[in-house]
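Asker: kindly generate the corresponding structure for this input.
(chains A and B)
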Amino acid sequence: EAGVAQSPRYKIIEKRQSVAFWCNPISGHATLYWYQQILGQGPKLLIQFQNNGVVDDSQLPKDRFSAERLKGVDSTLKIQPAKLEDSAVYLCASSSYRGRFERAYNEQFFGPGTRLTVL
Amino acid sequence: GESVGLHLPTLSVQEGDNSIINCAYSNSASDYFIWYKQESGKGPQFIIDIRSNMDKRQGQRVTVLLNKTVKHLSLQIAATQPGDSAVYFCADLGGSQGNLIFGKGTKLSVKP
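Answerer: As a prediction, the model looks like this:
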């Protein structure tokens, strides 16, 4: 079974520039997550999709971050404009968790991440 | 603040010894916990989970202990190997939509 794919693996940009990350989840997984992992910390959830709908984006800085999941499969996360503090690894994960009334005891599978450096 | 946290940022053990990584949580309503392993340059990988109706669960060379009284859980790795070197996170399924809340992590280094 293929894992979660992410690209690019590394990105270096200057502050105020824009950047986009792409994620392809495991086939058949309804739920997709984007996490931000700052060096030395655990991943922090930015946004959760159920199919192509957003179910939780409470920690997404919406003034500069946006994400979409067209057709309920691939997803893109965009930052515009980037700030120095956005330097981090951006992780995508997917799971077969299907709905809020179903206990989410399903394992989340993580991709390798995109390491973003903002100069 | 975070609902889970780890006691030590780094742990160094000799190959073949047992490792114990600790985690404290603050939300007494937390009812499901997962340990993840993250190797350099990779995403976190599921190791083992435990529900709050259990106090111990064993996997292959790993054991998770849960003490709800003091809101503490630990990951024990038997006969630690160089391949066990990684950062270990405990995570709490604390979000309303099945969201994981991660602690800061403990870096395990195995000396040959």
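
Asker: from now on I want contacts and neighbour counts done on CA atoms only, so please keep to that.
Answerer: OK.

Asker: buried ones in the helix or strand bottoming out on mean pLDDT in chain A?
Answerer: Every helix and strand of chain A was ranked by mean pLDDT, DSSP states H and E. The lowest is strand A:53-56, at a mean of 92. Going by neighbour count (16 or more other C-alpha atoms under 10 Å in any protein chain shown), the buried part of strand A:53-56 is A:54-56.

Asker: need the contact list for the residue nearest to the spatial centre of chain A.
Answerer: Computing the C-alpha centroid of chain A and ranking residues by C-alpha atoms, centre = their mean puts A:W34 first, at 2.2 Å. Taking C-alpha atoms under 8 Å, 6 or more residues apart in numbering or on different chains, we find A:W34 in contact with A:45-48, A:77, A:90-93.

Asker: within reach of chain B, which of these are there?
Answerer: A:45, A:91 (C-alpha under 8 Å from any C-alpha of the partner chain).

Asker: make a ChimeraX selection of the buried ones in the contacts of A:W34.
Answerer: Remark: buried members of these, expressed as a ChimeraX selection using 16+ other C-alpha under 10 Å:
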select /A:45,46,47,48,77,90,91,92,93
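
Asker: got TSV for the contacts of A:W34, with pLDDT and secondary structure too?
Answerer: As requested, the contacts of A:W34 are exported to TSV (pLDDT from 0 to 100; DSSP: H, G, I helix; E, B strand; the rest coil):
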residue	pLDDT	secondary structure
A:L45	95	strand
A:L46	97	strand
A:I47	96	strand
A:Q48	93	strand
A:L77	98	strand
A:Y90	98	strand
A:L91	98	strand
A:C92	98	strand
A:A93	96	strand
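
Asker: Serialize the contacts of A:W34 to a markdown table and add fields for distance to B:S26.
Answerer: Listed next are the contacts of A:W34 as a markdown table, based on distance: C-alpha to C-alpha, whole Å:
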| residue | distance to B:S26 |
| --- | --- |
| A:L45 | 19 |
| A:L46 | 22 |
| A:I47 | 23 |
| A:Q48 | 24 |
| A:L77 | 31 |
| A:Y90 | 26 |
| A:L91 | 25 |
| A:C92 | 26 |
| A:A93 | 25 |
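
Asker: you'd agree the residue nearest to the centre of chain A is in a helix?
Answerer: No. A:W34 is assigned strand when assessed by DSSP: H, G, I helix; E, B strand; the rest coil, not a helix.

Asker: for it, which non-adjacent residue is spatially closest?
Answerer: In space, and not counting its chain neighbours, A:W34 is closest to A:C92: 4.6 Å by C-alpha to C-alpha, 6 or more residues apart in numbering or on different chains.

Asker: which stretches of the chain form strands?
Answerer: As the question left the chain open, I've gone with chain A. A:5-7, A:10-13, A:19-24, A:31-37, A:44-50, A:53-56, A:65-68, A:75-79, A:88-95, A:109-110, A:114-118 (DSSP state E).

Asker: other chain: chain B
Answerer: Going by DSSP E, chain B shows strands at B:4-6, B:10-14, B:19-25, B:32-38, B:45-51, B:56-58, B:62-67, B:72-77, B:86-92, B:101-102, B:106-111.
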